[in-house]
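Trainee: Requesting a structural model of the entry that follows:
(one chain, ligands or ions: 4)
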Amino acid sequence: MITVLRNGMVTISAIKADIGGYPGHHSVHPELIKTAEKKLLKAKKDKTLIDFRVLACGDDLQLIMTHKKGVDSKKIHKLAWDTFIAGTAVAKKMKLYGAGQDLLADAFSSNIRGMGPGIAEMEIKERKSEPIVIFMADKTESGAWNFPLYKVFADPFNTAGLVVSPKVSKGYNFEIFDLHKKKKVIMDAPKEIYSILALIGASERYVVKRIFSKEGEIGAVTSTESLHEISGGKYIGKDDPVMIVRAQGAFPALGEVIEPFAFPFLVKGWMRGSHHGPFMPTSFAQSTPSRFDGPPRVIAAGFQLANGKLIGPVDLFDDPSYDRARQKSNIVADYLRMHGPFEPARLGLDEMEYTTLPDVLNKLKKRFKSI
Ligand code: 13P
Ligand code: 13P
Ligand code: MG
Ligand code: MG
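Mentor: Residues are numbered from 1 along each chain as shown. Ligands and ions are numbered 1, 2, ... in the order given. Below is the predicted model of the structure:
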């Protein structure tokens, strides 16, 4: 059945959480996917959702939903929360690792933001043809999207459209969050690319939240929830962010959107959220961080939207053209692992604040004498 969108608007909500790993922090148990699918199917039947897919990236359960309720809808957020709670009950029965890991609030109030799960949502007027890519990551933080977003929307060496398409060459506006100061700024690419890079090169603090065309159409949105912040500084796990990107027309082409991942750039996360590692693009099936709980993984699910229905997904990195990126990731992983606990393979002390290292250092405090 084809749903006709009354005002032509549709919302895509990608909400994710780690509600238990299997084994350790490796993957999502199939029973959790089944549980989530059951919940969301019910919501589709009662017309809360137009459509949905349940996917997994590493140990993170991914709810991809379309609906007409706009971003930050209480009903949709509660549905996601209830789905994670139902999954956690199943995870607890199997004693999965860290069952309910990312659910950091006792009860749902009005919005899932600040409760642990990661959220990326956009409300759009569906175009004549609406290709989208949903990127999902495991064992890293939200700043991991800065590098590819810059490449896709601002770098002509990545995106041919910035040079050859009159629609794309107008450039884009970047909305950047300062996660430490809780401020945001909108900056113009290409006019301000050097200043944009001055900020987003520091990906632990400045993260790209949204990207807009010069006409104000949203082109990309990321999840920026930070687990250590929500938990008050305790190490829970990594944020393992998600991102939605629209492709073609006024936006970069699909192949331009996934091109940056042919280079496995370094991200923060990996073992105990404490290391730099190469961001390895994999198929859905191989998004299973094994070696040293990694290396960090990224998957890309391609869809066409049709009146809010999700046509897809296509597993975009399940392709030989990403083999070399995977090989390179392994070479980089070998090299970094040789450093063991030494910086800069291990994160700097500032970033280790959010791990369990301070507990170890505290124990040594009394042993220090003045010099
Ligand atoms: P545990 O100390 O419970 O093993 O947790 C550490 C962790 O999750 C890093 O993988
Ligand atoms: P997750 O954030 O994926 O649960 O991983 C935590 C961790 O400590 C891995 O070593
Ligand atoms: Mg985990
Ligand atoms: Mg994870």
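
Trainee: going forward, measure contacts between C-alpha atoms and count neighbours the same way
Mentor: Will do.

Trainee: Can you give me the neighbour number for Lys38?
Mentor: Lys38: 13 surrounding residues under other Cα atoms under 10 Å.

Trainee: what do you get for Pro190?
Mentor: Neighbour count of Pro190, defined by other Cα under 10 Å: 18.

Trainee: distance of it from Val332?
Mentor: Using Cα to Cα, to the nearest Å, Pro190 is found at 32 Å from Val332.

Trainee: Let me see the confidence value for Val4.
Mentor: Predicted confidence (pLDDT) at Val4: the value is 59.

Trainee: neighbours around the closest residue to ligand 4 within the stretch 251-371 of the chain, how many?
Mentor: Nearest to ligand 4 in the stretch 251-371 of the chain, going by Cα to the ion, is Pro289, at a distance of 8.8 Å. Pro289: 22 surrounding residues under other Cα under 10 Å.

Trainee: separation between it and ligand 2?
Mentor: Distance of Pro289 to ligand 2, given as Cα to the nearest ligand atom, to the nearest Å: 8 Å.

Trainee: Would you check that that residue makes contact with Thr282?
Mentor: No - using Cα atoms under 8 Å as the test, Pro289 is too far from Thr282 to be in contact (10.4 Å).

Trainee: Can you report phi and psi for Ala333?
Mentor: phi -60, psi -40 (degrees, to the nearest 10).

Trainee: Report the set of residues contacting both of Pro289 and Thr282.
Mentor: Residues touching both Pro289 and Thr282 (Cα atoms under 8 Å, 6 or more residues apart in numbering): Arg297.

Trainee: so Leu55 touches Leu61, yeah?
Mentor: Yes - with contact defined as Cα under 8 Å, Leu55 reaches Leu61; the gap is 6.3 Å.

Trainee: Between those two, which has more neighbouring residues?
Mentor: Neighbours per residue, other Cα under 10 Å: of Leu55 and Leu61, the larger number sits with Leu61, 27 against 20.

Trainee: what's the pLDDT at that one?
Mentor: For Leu61, pLDDT reads 98.

Trainee: what does Gly232 give?
Mentor: 88.

Trainee: and what of Pro358?
Mentor: On the pLDDT scale, Pro358 is placed at 89.

Trainee: OK, contacts around it?
Mentor: By Cα under 8 Å, 6+ apart, Pro358 lies in contact with Met352.

Trainee: Helix, strand or coil: sort out the residue of the stretch 251-371 of the chain closest to ligand 4 for me.
Mentor: Look at Pro289: counting by DSSP: H, G, I helix; E, B strand; the rest coil, its state is coil.

Trainee: check contacts around the spatially closest residue to Pro148 that is not a sequence neighbour.
Mentor: Residue nearest to Pro148 in three dimensions, not counting chain neighbours: Pro260, with 5.3 Å by Cα to Cα, 6 or more residues apart in numbering. Pro260 sits next to Phe147, Pro148, Lys151, Val152, Asn158 when contact means Cα under 8 Å, 6+ apart.
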